[in-house]
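Engineer: Fold the stuff below for me.
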Amino acid sequence: MTKPTLVIANKNYSSWSMRPWVLLRELGIDFEEVQLKFESEAWREGIERWSPSGLVPVLWLDGEPIWDSLAIVETIAERWPEKNVWPRDLRARMVARSICAEMHSGFRALCGAMPMNIRGEHPGKGMGPDVERDIDRIVANWTISRERFGRGGEMLFGGFTAADAFYAPVVARLATYAVKLPPVARRYAEAVLALPAVQEWSASARAEPEFYAPDEPYASAR
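Structural biologist: Residues are numbered from 1 along each chain as shown. Next up, the predicted model:
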């Protein structure tokens with residue numbers, strides 16, 4: 001089997017890129033990284049070559065592209081079953097897949113008003129009734145998962161799974177905008193930020209100098 005290649009965008013901004021990157025890194029699966037930063041020459045010249053959809057992330061495996069984050073997760077789970085991408089318990093897997101799918105298709109108010117910007121600090125920005133409802137729902141997902149399945153570890157289902165990779169960018173958002181969380185959610189968010197893969201991604205994000213205006217509604221160009 002050839003080493004997989006993961007195509008991503010800016011680490012500071014691209015929440016969808018963060019998910020499979022954190023999953024692969026935290027699970028110890030070796031991969032090559034190709035970065036196409038937004039509005040860059042590399043993006044303009046490379047996106048059609050790497051991505052059938054024109055979007056990232058894309059995982060290339062054995063010469064085949066997988067271009068949706070959930071499809072990437074399921075492919076990783078199939079190819080590396082020993083890595084326990086999903087929880088071992090059947091009911092826990094049901095919940096984990098459900099909350100990942102909800103993240104994949106929902107929480108649009110939060111994502112629109114609080115774009116991921118790891119190097120930014122914007123306390124209080126973006127909050128509104130729709131965003132608050134999204135955050136309440138996310139906190140409910142975290143709390144239920146921790147209370148039902150989180151024994152034996154600090155992640156949603158105890159040990160690290162795809163669900164934690166999927167919610168890692170949400171944790172980053174809530175940190176950027178200094179959102180106050182109840183105790184269970186706060187402890188979980190702190191545990192996610194402490195993951196080695198999240199720390200590595202975040203350090204790279206903070207070092208990126210590029211300014212991408214669509215994801216910087218609360219900052220001026222530098």
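
Engineer: Tell me the buried residues in the longest helix along the chain?
Structural biologist: Longest helix in the chain by number of residues, with DSSP state H as the criterion: helix 129-149. Across helix 129-149, burial judged by 16 or more other C-beta atoms under 10 Å covers 131, 134, 135, 138, 139, 141, 142, 143, 145, 146, 149. The C-beta positions use only the backbone N, C-alpha and C, and glycine is treated the same way.

Engineer: counting contacts, what elements does it pack onto?
Structural biologist: If you count contacts as 3 or more C-beta pairs under 8 Å, 6 or more residues apart in numbering; DSSP states H and E, helix 129-149 packs onto helix 90-105, helix 108-113, helix 162-176, helix 183-193.

Engineer: swap the cut-off to 7 Å and go again
Structural biologist: In terms of contacts (3 or more C-beta pairs under 7 Å, 6 or more residues apart in numbering; DSSP states H and E), helix 129-149 is packed against helix 90-105, helix 108-113, helix 183-193.

Engineer: could I get these as a markdown table with mean pLDDT?
Structural biologist: Below are these laid out as a markdown table (pLDDT from 0 to 100):
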| stretch | mean pLDDT |
| --- | --- |
| helix 90-105 | 97 |
| helix 108-113 | 97 |
| helix 183-193 | 98 |
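
Engineer: Export the buried residues of helix 129-149 as a markdown table, with columns for distance to residue 27 and pLDDT.
Structural biologist: Output for the buried residues of helix 129-149, formatted as a markdown table (distance: C-beta to C-beta, whole Å; pLDDT from 0 to 100):
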| residue | distance to residue 27 | pLDDT |
| --- | --- | --- |
| 131 | 31 | 98 |
| 134 | 28 | 98 |
| 135 | 28 | 98 |
| 138 | 23 | 98 |
| 139 | 26 | 98 |
| 141 | 22 | 98 |
| 142 | 21 | 98 |
| 143 | 25 | 98 |
| 145 | 19 | 98 |
| 146 | 21 | 98 |
| 149 | 19 | 98 |
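
Engineer: Show me which of those residues is closest to residue 53.
Structural biologist: The closest of these to residue 53 turns out to be residue 134 (C-beta to C-beta; 25.1 Å).

Engineer: residue contacts, the closest residue to the closest one other than its chain neighbours?
Structural biologist: Nearest non-adjacent residue to residue 134, counting by C-beta to C-beta, 6 or more residues apart in numbering: residue 110, 4.0 Å away. Contacts for residue 110 were tallied using C-beta atoms under 7 Å, 6 or more residues apart in numbering; they are 131, 134, 135, 173.

Engineer: close enough to count as contact, the third one and residue 179?
Structural biologist: Yes. Here residue 135 lies in contact with residue 179, judged by C-beta atoms under 7 Å, at a distance of 6.3 Å.

Engineer: rewinding a little: distance-wise, check the residue nearest to residue 134 relative to residue 66.
Structural biologist: Residue 110 sits 26 Å away from residue 66, going by C-beta to C-beta, to the nearest Å.

Engineer: Any chance you could list what contacts the longest helix of the chain?
Structural biologist: Applying C-beta under 7 Å, 6+ apart, the external contacts of helix 129-149 come out as 87, 89, 92, 95, 99, 107, 109-110, 113-114, 156-158, 170, 179, 181-182, 184-185, 188.

Engineer: Narrow the residues you listed to those that are buried.
Structural biologist: 87, 92, 95, 99, 107, 109-110, 113-114, 156-158, 170, 179, 181, 184-185, 188.
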